[in-house]
Every structure is written in C-alpha cells, then in structure tokens.
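Trainee: Quick one, structure for this:
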Amino acid sequence: MLRKFPAIAVPLAAVSLLFMAAGCGNTNSAAQEGAAGDSTTKEAEFVSIFDGKTLNGWEGDSIHWSVQDGNIVGEITPANLIKTNTFLIWKGGQPADFELTLEFKITKEGNSGINYRSVAVEDVPHALKGYQADIDGANHYTGQNYEERGRTTLAYRGQEVTIPAPTSSLKDGVKNNAWTAAIVTKSLGSADSLQTLIKSEDWNKCHLIVKGNHLQHYINDVLMSDVTDNDTVNGKSAGMLGVQVHVGGPMKVAYRNIMLKQE
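Mentor: Residues are numbered from 1 along each chain as shown. I've put the predicted structure just below:
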C-alpha cells in the first residue's frame, strides 16, 4: 500500500541557496582538478641536447670531434693521435639528478665513455674528472662505472656496489685500477652473460639514471652496474656532462639521439 505524505512547502530563497552551494562545490572540484593537471604538465620531460646538425651547445677539440651523418663523432686517426683523453663537453649546465638516454656505436679498437657530475681538469684542455659510464669496442668494460682521474673502477659490469666513507687517500685506496673500499652487495648477472646483450660495432642504447647518491647504468634496457656512493669526500652531487675519446690507436665512436631529463 502506498502511503501519502503531506506536501512540504520550500521557500524559493532556500532552493536558490541550495543551487548556489552545489555550484560552489563544483567550482572547488574544478579548481582542484585544474591544479592536479598543472602539476602533471610541470613534470620533467626528456629534451634533446644535440640538434643532429651542429655542435652548438658543445665544446671540444674540433680535430677529434665533428658531426657526421647526423651523429656526434669522436675519431682518432694515425695523423691526429692524442696524449691525454679528450672530451666533447655539453655547455648547457651541470646536471645533478637526471636521466640521460642516447645511442652509441664504436669500432672494435675504440675506447670511450659518458662522463657526468664531472669537473674540468686544470691545465688540461677538454679534460674531465668524474663518474663515467664506460664504453669500449671490445665490450670488456661497457656498462661499468669508472671514475675518471679519481677512484677508478667503482663497479664492474654485473655488480651492485656500495661505496662507504673513505678511510684512505685516493692513492692508497686504488689497487689494480679499482677502488678497494667498494662493497659488492649483489650480483646483477655475470659480466660475460651481460656482455652478450651488447652489440659489437652496431648501435646500442645507453640509459643513465642518476638520483642522489644512486647511480645506475643500463645498456639496451638491462641494468649493467649499480652504485650507491656514500663517499661525500670524493663523490659529486652535480657537474659537467661529456663524451670521451680515449688515448690509444685509431678509433671511431658515434653518438645520436641524446636526450636529457633533469629533476
């Protein structure tokens, strides 16, 4: 059975107030959605730091660095051998926390690397000191973390490593081209098995994720080395970015699609 309820008269003014309140609620909700959208659009994005045509924004020895076929090329010939490692240095800033992606191709005899959080070496033109994502044509070292002119090898390919606060000088802490204080905390796979994932004399992708004191090197989307650097004496929190041509015989290395995202 249906029950009848007496009609209740609602003043027109009250109805108006109800609609106004609802409208205010919608306005606040829209404002919140707009704010959320703004924060999304402000997230850091990858930007190209090489135009594919010129070395604008970069600085290095023009004898050994050029643009060829849309790639940055570092080259040593019998006629222009070098006595010290030389770098092409990005002049757009000194990244602290960042991600870098690029592709590289290197000849079998080549030796190169990507330096980051680095400083210029006094009295040596186009030289850097600092962390390096190592690259070599024979793929003995590609993917490892090597500190140029510093603590040398921090993590070999396949290692997750923690670097404690130093208890010795640089000279005393380095043996057999490696930092003896480094503590291996985990295996990422054998150096040999990871080497099979790196293409010889062909294009490979490198991805560096550098946040705080955590440094990760990926090759072809596979983690090759992982360093947590607790050494505040020798470690750096920001610095120069550059690519290297290493002392040695004739060689050629090419870089392309260089993208940087800074936090």
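
Trainee: other SSEs contacting the lengthiest strand in the chain?
Mentor: Counting by DSSP state E, the longest strand found in the chain is strand 251-262. Applying 3 or more Cβ pairs under 8 Å, 6 or more residues apart in numbering; DSSP states H and E, we find strand 251-262 packed against strand 47-48, strand 71-76, strand 98-106, strand 111-120, strand 240-245. C-betas here are computed from N, CA, C, even on glycine.

Trainee: to the chain's geometric centre, what's the distance from the third one?
Mentor: It refers to strand 98-106. 8 Å (Cα atoms, centre = their mean, to the nearest Å).

Trainee: Partner strands of that strand and their direction?
Mentor: Sheet pairing for strand 98-106, assigned by DSSP bridges, gives strand 204-211 (antiparallel), strand 251-262 (antiparallel).

Trainee: Quick one: closest of the ones you listed to S112.
Mentor: Of all the strands paired with strand 98-106, it is strand 251-262 that lies closest to S112, at 4.3 Å by Cβ to Cβ.

Trainee: Name the residues of that closest one that are buried.
Mentor: M251, K252, V253, A254, Y255, R256, I258, L260, K261 (16 or more other Cβ atoms under 10 Å).

Trainee: again, but for stretch 86-105
Mentor: So, applying 16+ other Cβ under 10 Å, buried residues of stretch 86-105: 86-90, 94-105.

Trainee: go on, stretch 119-137?
Mentor: Neighbour count says stretch 119-137 has 119-121, 126-137 buried, by 16+ other Cβ under 10 Å.

Trainee: Pick the one among the residues you listed closest to V67.
Mentor: Nearest to V67 among the buried residues of stretch 119-137, with distances taken as Cβ to Cβ, is H126, at 16.8 Å.

Trainee: Check the spacing between the closest one and W58 real quick.
Mentor: Distance of H126 to W58, computed by Cβ to Cβ, to the nearest Å: 11 Å.

Trainee: And for V247?
Mentor: V247 is 21 Å from W58, by Cβ to Cβ.

Trainee: got it, and T228?
Mentor: Taking Cβ to Cβ, one finds T228 at 31 Å from W58.

Trainee: Quick one: low-confidence residue ranges for the stretch 151-263 of the chain.
Mentor: Within the stretch 151-263 of the chain, no stretch has pLDDT under 70.

Trainee: hey, where'd the strands end up in the stretch 151-263 of the chain?
Mentor: Listed in chain order, the strands of the stretch 151-263 of the chain (DSSP state E, counting those that start in this stretch) span residues 152-155, 159-163, 174-175, 178-179, 183-187, 204-211, 214-219, 222-229, 240-245, 251-262.

Trainee: JSON lines for those, including distance to Q144?
Mentor: Converted to JSON lines, the strands of the stretch 151-263 of the chain look like this (distance: least, Cβ to Cβ, whole Å):
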{"stretch": "strand 152-155", "distance to Q144": "6"}
{"stretch": "strand 159-163", "distance to Q144": "8"}
{"stretch": "strand 174-175", "distance to Q144": "15"}
{"stretch": "strand 178-179", "distance to Q144": "10"}
{"stretch": "strand 183-187", "distance to Q144": "13"}
{"stretch": "strand 204-211", "distance to Q144": "12"}
{"stretch": "strand 214-219", "distance to Q144": "7"}
{"stretch": "strand 222-229", "distance to Q144": "5"}
{"stretch": "strand 240-245", "distance to Q144": "14"}
{"stretch": "strand 251-262", "distance to Q144": "17"}
